[in-house]
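Student: Here is a sequence with its predicted model. Questions after.
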Amino acid sequence: MRRGNSEIDGPESWGMEIAMDVSLDPTLGCGQAHRWRKTADGWQGVLDNSVVTLTQTPGGFRCEGAVSKRKILEYFRHGDDLAAIYENISASDGYLASVAEACPGLRLLRQDPWECTATYILAVNANVKRIISMVESVCDEFGRDLGALRAFPTPGEILDGADRIAVCKLGYREKRFVDFAGAVEDGDVDLGAIGEMDYAGCREALKEIHGIGDKVADCISLFAFGHMESFPVDARIKAILRDVYGVEGTYAELADFGRRSFGDYPGYAQELLYHAKAVSLVQAQSGGSRPVSTL
């Protein structure tokens, strides 16, 4: 067993029991991150360039893999009080309250800014299956071999093999993906500095990157930089706002409605609403107390 400077800093090649209010199935399977795979043993993915397997337990989950406890806690936003957040966003909203009740334990993740931004540049005009296919092709071609999986490549690794990018079948996203890697590598895009900005500044800075529009900027603002006021609007959210709330309009109008309507955590409300149809069909996959109305 390898010991780091402390139990929390690691990394440790051993199993850790993580105490947390979380349900892995909706959290890792709801489309906010794209490299987690459900297996017979739980969920397998890559964190800090290590393959990890997470298995649900009554009080949280067990983590197998060489990753620090600190990284796990940060990734799952351990400091988020889900009970208080759910109450805040659904206090005066019966529909969202029913979704929250049926889907306990869905947490937002704090993803690596480089990987998250690069992934969402690929995600433009693509469904989840296509996004996963493109991301895995990039990892297979450029990422470091970790055994069971490959790491998400660094900007430098992508640039070193840029002449092979066509094998990844990214379509029109190919050039913007390589260009983004180059901009990060050269320092023209400073993701660390973007991470220090407030929501409005972060969103505008992201939109200056080729291939990033309103929705993608909102997704990255939420999933990589933790701006809870972000309310990404895709086709599913647009349909829910129309059918449940009677609201239609431009992207800006719908996103503004979301930011004004769901307490202090519109980002959590968005993810629960996005997951609503899945909740209604499988009662949140992990023991939700009752289904919500099907849209």
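Tutor: Yep, it's here.

Student: From now on I want contacts and neighbour counts done on CA atoms only, so please keep to that.
Tutor: Noted.

Student: Mind checking the pLDDT average for stretch 218-228?
Tutor: What stretch 218-228 shows for mean pLDDT is 98.

Student: Now do the strands in this protein.
Tutor: 13-19, 37-39, 42-47, 50-57, 60-66 (DSSP state E).

Student: Not counting its own residues, what contacts the shortest one?
Tutor: Here strand 37-39 makes contact (Cα atoms under 8 Å, 6 or more residues apart in numbering) with Trp43, Gln44, Gly45.

Student: Spatially, what comes nearest to the last one if we skip its sequence neighbours?
Tutor: Going back to what we said before, that points to Gly45. Trp36 (4.6 Å; Cα to Cα, 6 or more residues apart in numbering).

Student: Please report how far that neighbour lies from His227.
Tutor: Trp36 sits 23 Å away from His227, going by Cα to Cα, to the nearest Å.

Student: Those two - which one has more neighbours?
Tutor: His227 (23 against 17; other Cα atoms under 10 Å).

Student: ok, back up a step: turn the strands of the chain into TSV, columns for mean neighbour count, distance to Glu174 and mean pLDDT.
Tutor: As requested, the strands of the chain are exported to TSV (neighbours: other Cα atoms under 10 Å; distance: least, Cα to Cα, whole Å; pLDDT from 0 to 100):
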stretch	mean neighbour count	distance to Glu174	mean pLDDT
strand 13-19	16	36	82
strand 37-39	13	25	93
strand 42-47	20	23	96
strand 50-57	20	27	96
strand 60-66	19	32	95
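
Student: Switch those over to TSV, and while doing so, append distance to Tyr251 to every line.
Tutor: Below are the strands of the chain laid out as TSV (distance: least, Cα to Cα, whole Å):
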stretch	distance to Tyr251
strand 13-19	38
strand 37-39	31
strand 42-47	33
strand 50-57	36
strand 60-66	37
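
Student: for those, which one sits closest to Asp243?
Tutor: With Cα to Cα as the measure, strand 37-39 is the member of the strands of the chain nearest Asp243 (31.5 Å).

Student: Could you point out which of the contacts of strand 37-39 is nearest to Ala239?
Tutor: Using Cα to Cα, Trp43 comes nearest to Ala239 of the contacts of strand 37-39, at 30.0 Å.

Student: Any figure for the gap between the closest one and Thr27?
Tutor: 11 Å.

Student: shouldn't the residue nearest to Gly45 be in contact with Gly42?
Tutor: No - taking contacts as Cα atoms under 8 Å, Trp36 lies outside contact range of Gly42: 10.0 Å.

Student: before we move on, back to that, quick one, phi psi at the residue nearest to Gly45?
Tutor: phi -90, psi 140 (degrees, to the nearest 10).

Student: Can you give me the pLDDT of it?
Tutor: In this model, Trp36 is scored at 95, pLDDT.

Student: From Asp25, how far off is the spatially most central residue of the chain?
Tutor: Closest to where the C-alpha atoms of the chain average out (Cα atoms, centre = their mean) is Gln32, at 3.1 Å. To Asp25, Gln32 is 12 Å away according to Cα to Cα.

Student: ditto for Cys63
Tutor: Cys63 is 15 Å from Asp25, by Cα to Cα.

Student: Thr55: which of the contacts of strand 37-39 is nearest?
Tutor: Trp43 (6.5 Å).

Student: give me the beta-bridge partners of that closest one?
Tutor: Beta-bridge partners recorded for Trp43 (DSSP bridges): Lys38, Leu54.

Student: which residue packs closest to Ala162, ignoring adjacent ones?
Tutor: Closest residue in space to Ala162, ignoring its immediate chain neighbours: Val178 at 7.0 Å, by Cα to Cα, 6+ apart.

Student: Sorry, slip of the keys, the one I care about is Lys169.
Tutor: Per Cα to Cα, 6+ apart, closest to Lys169 is Met134, 7.1 Å.
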